[in-house]
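Peer 1: Next comes the sequence, and after it the predicted model I'd like to discuss.
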Amino acid sequence: MPTKRKPNNKKNSEFIWLSLILSIIIIFQIILSLSTNNSLKNLNTETDTISNNLNLLNSQLNQKINNIDTDVQGKITDLSSNLLNIETDLGKEISSIKAETSADFSGIISNAINSIVTIRTDVAQGTGFIISEDGFVITNAHVLSGAKITRAITAEQETLPIDLIGYDYLLDLALLKLKGNYEYLNFGNSEEIIVGEKVIAIGNPLGLSFSVSEGIISAIDRKGDNQLPIYLQTDAALNPGNSGGPLINTDGEVIGINNFKLAGDNLGFALESNPITNSINNIGIKKLNQTIIN
């Protein structure tokens, strides 16, 4: 009778343990793989965050650099403008000092002459001057009396058409307008005028274009034919053709408009600057709804 073989329990046990160990290893590898994937995802997320932060910082840095560059350019422009203004103001100051100390009005005249125009009509001739960059001109109203045609002749001898805006007959003023942009004269405050200060009158006496005469303020608040005490008396020579031209102080400011003279020597009269500005602005508001002189 054959002998039965006993089951090999030892081998079975070893197989079970081996399977268990292999399972544990596989599970560990799976866990390790999942953990590694999560770590990589977290690392990618952190990398993206760092990259975004770096981009933001770079953008902010570029913006600050641009702001600094704009600020520097603005300051350079302001400095250049200030230097130009200083140079212009210094030139005016030098001209004023020369006029006050040595009666040399050459600097004042060279600055003013381009703003003077000859007013020529079909019946008469006088003087006018430009009072704004956009070409407003004033003269005496009587210069235009009876005229049908009016032209302006500039310092460069260019003849231009000129339009009449309005009159103030009481003060003998007329406001006209040239087309284009021009150099212009500023007004001074006639309340600050003192007797004895030096002045020049620019005009076209007897057809002699752009002539200049020098004098002083002989009196203030004289009465004219309108019985208003708003005229300056000067010994600067005024002759026919000077009417409507400016009377200018040593600062290059208009303090009057040459108006008339009396029989005798050195008795010229100019309407004071403050009544001029008031009258011209009234004409501007009435005719154009705007202020002409600020």
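Peer 2: The structure has been received and is ready for your questions.

Peer 1: Would you indicate which residues of stretch 136-150 are buried?
Peer 2: F136, V137, I138, T139, N140, A141, H142, V143, L144, T150 (16 or more other C-beta atoms under 10 Å). Backbone N, C-alpha and C define where each C-beta goes, glycine included.

Peer 1: Contacts only, for L288.
Peer 2: I165 (C-beta atoms under 8 Å, 6 or more residues apart in numbering).

Peer 1: next one: G196
Peer 2: The contact partners of G196, by C-beta under 8 Å, 6+ apart, come to I216, I217.

Peer 1: Let's verify it: helix, strand, or coil?
Peer 2: Going by DSSP: H, G, I helix; E, B strand; the rest coil, the secondary structure assigned to G196 is coil.

Peer 1: For I30, what is the enclosing helix or strand?
Peer 2: Element membership for I30 (DSSP states H and E) is helix 9-102.

Peer 1: Which SSE is immediately downstream of that helix?
Peer 2: Following helix 9-102 in sequence, per DSSP H and E, is helix 106-112.

Peer 1: Just list what that following helix packs against, helices and strands only.
Peer 2: For helix 106-112, the elements it packs on are helix 9-102, strand 198-203, strand 246-248, judged by 3 or more C-beta pairs under 8 Å, 6 or more residues apart in numbering; DSSP states H and E.

Peer 1: any low-confidence regions in the stretch 1-150 of the chain?
Peer 2: Residue ranges of the stretch 1-150 of the chain with pLDDT under 70: 1-11, 39-40, 43, 69, 72-104.

Peer 1: Bridge partners for P161, pull those for me.
Peer 2: Beta-bridge partners recorded for P161 (DSSP bridges): R151.

Peer 1: That one: how many residues sit nearby?
Peer 2: By other C-beta atoms under 10 Å, 10 other residues sit near P161.

Peer 1: Could I get the contacting residues of it?
Peer 2: P161 sits next to R151, A152, K179 when contact means C-beta under 8 Å, 6+ apart.

Peer 1: surely the first one meets D163?
Peer 2: No. Counting by C-beta atoms under 8 Å, R151 stays clear of D163, with 11.1 Å between them.

Peer 1: okay, these two: which has more neighbours?
Peer 2: Using other C-beta under 10 Å as the criterion, R151 and D163 rank with R151 on top: 15 against 12.

Peer 1: so who does that one touch?
Peer 2: Counting by C-beta under 8 Å, 6+ apart, R151 has contacts I119, R120, T121, T159, L160, P161, I162.

Peer 1: let's see it at 10 Å
Peer 2: V117, T118, I119, R120, T121, D122, T159, L160, P161, I162 (C-beta atoms under 10 Å, 6 or more residues apart in numbering).

Peer 1: returning to that earlier point: take the contacts of P161 and write them to CSV, including distance to E191.
Peer 2: As requested, the contacts of P161 are arranged in CSV below (distance: C-beta to C-beta, whole Å):
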residue, distance to E191
R151, 36
A152, 31
K179, 34
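
Peer 1: Return the member of those residues nearest to L267.
Peer 2: In terms of C-beta to C-beta, no member of the contacts of P161 lies closer to L267 than A152, at 28.9 Å.

Peer 1: Around that closest one, how many other residues sit close by?
Peer 2: 21.

Peer 1: again, but for N258
Peer 2: 30.

Peer 1: And for V195?
Peer 2: By other C-beta under 10 Å, neighbour count at V195 equals 11.
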